[in-house]
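Asker: Below: sequence and its predicted model.
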Amino acid sequence: MADKRVWIVLQQREGKLHRMSWEAIVAGQRLAAAIGGQAEAVLLGSQIGGLAGEISGRAQLAALHVGDDPRLADYTPGGYAGALLPALRAAAPAFVVFPHTYQTVDSMPRLAQALGARLLPEVVAFSGSGEELEWRRPVLGGKMHARLRVRGTGPVLLSVQSAAFPAEDLVAGTAPTVPLADLSQVSPDREILGVEEVGGDQVDLTKAGIIVAVGRGVGGADKMAPIHDLAAALGAEIGASRPVIDNGWLPRDRQIGSSGQTVAPKLYLALGISGAIQHLVGMKGSAVVVAVNKDPGAPIFSVAQYGVVGDLHELVPALTAAVREAKS
Ligand SMILES: Cc1cc2nc3c(=O)[nH]c(=O)nc-3n(C[C@H](O)[C@H](O)[C@H](O)COP(=O)(O)OP(=O)(O)OC[C@H]3O[C@@H](n4cnc5c(N)ncnc54)[C@H](O)[C@@H]3O)c2cc1C
C-alpha cells in the first residue's frame, strides 16, 4: 500500500494557509483516486495547531502529518528539507504534490535531488489511471502544452499550477492529525531578518466587474494616461501583467496571474498582453475577454471572445470616445 500513497505538501505562513494549498489537496485527492491509493497531507510551521485543526475538519485525507516546531516558524530550505526528507523516506509515497509557488520552486528540486526522485513542475492536468498517467504542463511560455509520461523509478515530485485544480472541487471530509515522528534533522539554513509585503492587497480586483488590463505592449508608465481614461469611462479597475509591475509602471497590487490576483470580472480587456500561462490562470474565469494585440498569433486570442489585431495606442482613445458617447 505504501507505493500507492500520495503526499501533499501544504504551504502556510503565520498560521494562514496559502490559497494554492487547497488546490494542491484537490490535485492530490484526484491523483489518489486515479491510482487507487490514499491522499495524505503534511503541514510544517510553528504553533500551527489551529490551522491543522481547520484542515483536518475540512478535507478528506487519510492523514494530516504535522511538523510543529519553533525551528519551522519561517520557511528555510534546509529547515523544511530536514523535516520532509525523513518523513518522505519513511512513508515512501509514489507521488508528492506541491502548489507551484516561489517556495516550491526553491525547495522541490533540492528534495527531488536528495530523494533521487523524478521532477514534474507546473502540472496543469493529468489523465489516465494506474501506471499509465499522462501529464500536461505548459512549455514555451504557455504557447504550447507538453503531454508527458514519467519513466524510471522513484517517487514523482510534482507541482500544480495555480487554478488548474479549483479549490471548489475539494472532497470534503476529515483527516486524522499525526505528528511528524522525526524532526531531529531540522536545521534552518537562513536567518530571516524580516518579511516585507510588497504592495499588499490594497486593491481587491477580485470584486471588479470590469477590468482594463495592460501588458508590456503599453510601452511605459508615460503611456498610461489613455488607459486611465478608458478605465474611468467604463467604470473599470486597472490590472496588469507582471512585466508592467516589475517595470514599476503600476503598483504590485494591480498584478493579475499566478503570482498576483485571480479575477473573474464580467468584462476583461487585455491590452498588449501576450497571454502567458501565468497570466491566463489569473483571468481565465472572466465572462467576456476582449484582447487587443499587434501579433495575430498571441496566445491571449485563444481565450478571447473578441479580438482586435492592432495597435492599442490607436484603439484605446477611439474606444474611450465611443464609450463616452454611448453613455451620454
Ligand atoms: C513563477 C512565475 C510567475 C509569474 N507570475 C505572473 C503573473 O502573476 N502575472 C503575469 O502576467 N505574468 C507572470 N509571469 C510572467 C509571464 O511568464 C509572462 O512573462 C508575462 O505574463 C508576459 O507579460 P506581457 O504579456 O505583458 O508581456 P509580453 O509577453 O512581452 O507581451 C507583450 C505583448 O504586447 C503586444 N504588443 C506590443 N506592442 C503593442 C501595441 N502597441 N499594441 C498592441 N499590442 C502590442 C506584443 O505583441 C506582445 O504579445 C510569471 C512568470 C513566472 C516564471
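Answerer: Yep, it's here. Residues are numbered from 1 along each chain as shown.
Asker: contacts, neighbours, all on C-alpha from now
Answerer: OK.
Asker: Now do the contacts for the most centrally placed residue in the chain.
Answerer: Taking CA atoms, centre = their mean, the centroid of the chain lies closest to residue 162, which sits 2.7 Å from it. Contact analysis of residue 162 by CA atoms under 8 Å, 6 or more residues apart in numbering lists 20, 23, 99-100, 258, 281-282.
Asker: Between all of those residues, which two are separated the most?
Answerer: 99 and 282 (15.0 Å; CA to CA).
Asker: More neighbours: which of those two?
Answerer: residue 99 (29 against 23; other CA atoms under 10 Å).
Asker: The more buried one contacts residue 23, doesn't it?
Answerer: Yes - between residue 99 and residue 23 there is a contact under CA atoms under 8 Å: 7.2 Å.
Asker: So for these two, which residues contact both of them?
Answerer: Residues touching both residue 99 and residue 23 by CA under 8 Å, 6+ apart: 160, 162.
Asker: what about the stretch 1-150 of the chain, any weak spots by pLDDT?
Answerer: Applying pLDDT under 70 to the stretch 1-150 of the chain flags the ranges 1-3, 141-143.
Asker: And the helices in it?
Answerer: 19-35, 49-58, 77-91, 102-115 (DSSP state H, counting those that start in this stretch).
Asker: what does the chain put close to the ligand?
Answerer: By CA under 6 Å from any ligand atom, the residues of the chain that approach the ligand are 141, 215-217, 241-243, 256-260, 272-276, 278-279, 292-295, 298, 310-313.
Asker: Let's see the PyMOL selection covering just the buried ones among those.
Answerer: In PyMOL, a selection of the buried entries from the residues of the chain next to the ligand looks like this (16 or more other CA atoms under 10 Å):
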select buried, resi 215+216+217+241+242+243+256+257+258+259+260+272+273+274+275+276+278+279+292+293+294+298+311+312+313
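Asker: Filter the residues of the chain next to the ligand down to just the ones in strands.
Answerer: Applying DSSP state E to the residues of the chain next to the ligand, the entries found in strands are 292-293.
Asker: Okay, and which of the residues of the chain next to the ligand map to helices?
Answerer: Using DSSP state H, 242-243, 278-279, 312-313 are the members of the residues of the chain next to the ligand that sit in helices.
Asker: Tell me the one among those nearest to residue 9.
Answerer: Comparing those against residue 9 with CA to CA places residue 278 closest, at 21.3 Å.
Asker: I'd like to know how far the closest one sits from residue 190.
Answerer: Counting by CA to CA, to the nearest Å, the gap from residue 278 to residue 190 is 29 Å.
Asker: What of residue 265?
Answerer: Between residue 265 and residue 190 the computed distance is 41 Å (CA to CA).
Asker: Over to residue 238?
Answerer: Distance of residue 238 to residue 190, given as CA to CA: 37 Å.
Asker: repeat for residue 162
Answerer: Distance from residue 162 to residue 190, by CA to CA: 27 Å.
Asker: could you pull out the strands for the stretch 51-200 of the chain?
Answerer: Remark: strands assigned in the stretch 51-200 of the chain by DSSP state E, counting those that start in this stretch are 63-68, 95-99, 118-123, 125-127, 134-139, 144-148, 156-160, 177-179.
Asker: Of these, flag the one that's most buried.
Answerer: Most buried of these by mean neighbour count (mean count of other CA atoms under 10 Å) is strand 95-99; its value is a mean of 27.
Asker: what inclination does that one have with respect to helix 102-115?
Answerer: Relative orientation of strand 95-99 versus helix 102-115 (axes from the mean of the first three to the mean of the last three CA atoms, to 10 degrees): 160 degrees.
Asker: Strand 95-99 pairs with which strands, parallel or anti?
Answerer: strand 5-9 (parallel), strand 156-160 (parallel) (DSSP bridges).
Asker: Measure how buried residue 46 is and give me the count.
Answerer: 18.
Asker: residues in contact with it?
Answerer: Residue 46 sits in contact with 67-73, where contact means CA under 8 Å, 6+ apart.
Asker: and these, which are buried?
Answerer: Listed as buried from the contacts of residue 46 are 67-68, 71-73; burial here means 16+ other CA under 10 Å.
Asker: returning to what we had before: of the helices of the stretch 1-150 of the chain, which is nearest residue 234?
Answerer: Shortest distance between residue 234 and the helices of the stretch 1-150 of the chain, using CA to CA, is found for helix 19-35: 30.6 Å.
Asker: Buried residues in the closest one, which are they?
Answerer: Buried-residue list, helix 19-35, by 16+ other CA under 10 Å: 20-32, 34-35.
Asker: Just give me the closest of those to the ligand.
Answerer: For the buried residues of helix 19-35, the minimum distance to the ligand (CA to the nearest ligand atom) is 13.2 Å, reached by residue 20.
Asker: Sweet, I'm off.
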